[in-house]
Each structure stands twice: as structure tokens, then as C-alpha cells.
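> Sequence and predicted structure below; questions after.
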Amino acid sequence: MPAPRTTTAAPGPIEVLTVPEAMAALRIKRGKVYDLIRTKQLTSFTIGRARRITADSVRAFIRRQIEEND
């Protein structure tokens, strides 16, 4: 009898935001988004000239802000 197969779920696609979407999510100005990217508080990458920010890093930033202000 063959051994049972075990499968692991493949991770889903990484959700990304544009700079304007991150601005809207955080209710901050464009310059502040770029400050957060420069200081590595938000994770981003570029595709050609288009900058993308991971939604996970935006959520993590919000969690850190909440924890720091408790």
C-alpha cells in the first residue's frame, strides 16, 4: 500500500499597494510614505519605474504604531 501523500498549501500571492494606495490606507502624504520606505519601516520594491509596497508591511507598521501608543 503506498504511503499517504501529504500536501502543504502553497502560499498565496503577495498583496501589494501603490504609493497612492498606501497613502490612503495610512492617511498620510506621499513624502511620509517615502520616508517610511527610506527608513525601512515599509517594505517596497520597484517594477521598472513603478514602486510597490507590500500590504503586510503596511499592516505591520499599523500594529507597531498601536503597540507603541498603548
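In hand now; what should we look at? Numbering: from 1, shown residues only.
> Which of the helices or strands spans residue 46?
Assessed by DSSP states H and E, residue 46 sits inside strand 44-47.
> Pull out the buried residues from the very next helix or strand once past that strand.
Note on strand 44-47: by DSSP H and E, the next helix or strand toward the C-terminus is strand 50-54. By neighbour count on 16 or more other C-beta atoms under 10 Å, the buried set for strand 50-54 is 51-54. C-beta: built from backbone N, CA, C; applies to glycine.
> thought residue 62 was touching residue 27?
No: taking C-beta atoms under 8 Å as the definition, residue 62 is not a contact partner of residue 27, at 10.8 Å.
> Those two: which is more packed in?
Looking at residue 62 and residue 27 with other C-beta atoms under 10 Å, you find the greater number of neighbours at residue 62, namely 12 against 7.
> Next, the buried residues of the helix or strand where that one lies.
Assessed by DSSP H and E, residue 62 sits inside helix 55-68. For helix 55-68, burial by neighbour count (16+ other C-beta under 10 Å) applies to 55, 57-58, 61.
> what's the spacing between the most centrally placed residue in the chain and residue 69?
Most central in the chain under C-alpha atoms, centre = their mean is residue 54, positioned 2.4 Å from the mean C-alpha point. Relative to residue 69, residue 54 is positioned 23 Å away (C-beta to C-beta, to the nearest Å).
> and what of residue 17?
From residue 17 to residue 69 the distance is 23 Å (C-beta to C-beta).
> Could you export the helix holding residue 62 as CSV, keeping only the C-alpha atoms?
C-alpha atoms of helix 55-68 as CSV (Å, rounded to 0.1, in the frame of the first residue of the first chain):
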residue,chain,number,x,y,z
ALA,A,55,0.4,45.2,2.2
ASP,A,56,1.9,43.1,5.0
SER,A,57,4.4,45.8,5.8
VAL,A,58,1.6,48.4,6.0
ARG,A,59,-0.3,46.2,8.4
ALA,A,60,2.8,45.5,10.5
PHE,A,61,3.5,49.3,10.6
ILE,A,62,0.0,49.9,11.9
ARG,A,63,0.3,47.2,14.5
ARG,A,64,3.7,48.7,15.7
GLN,A,65,2.1,52.1,16.0
ILE,A,66,-0.8,50.8,18.0
GLU,A,67,1.5,48.9,20.3
GLU,A,68,3.8,51.9,20.8
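> Understood, closing this out.
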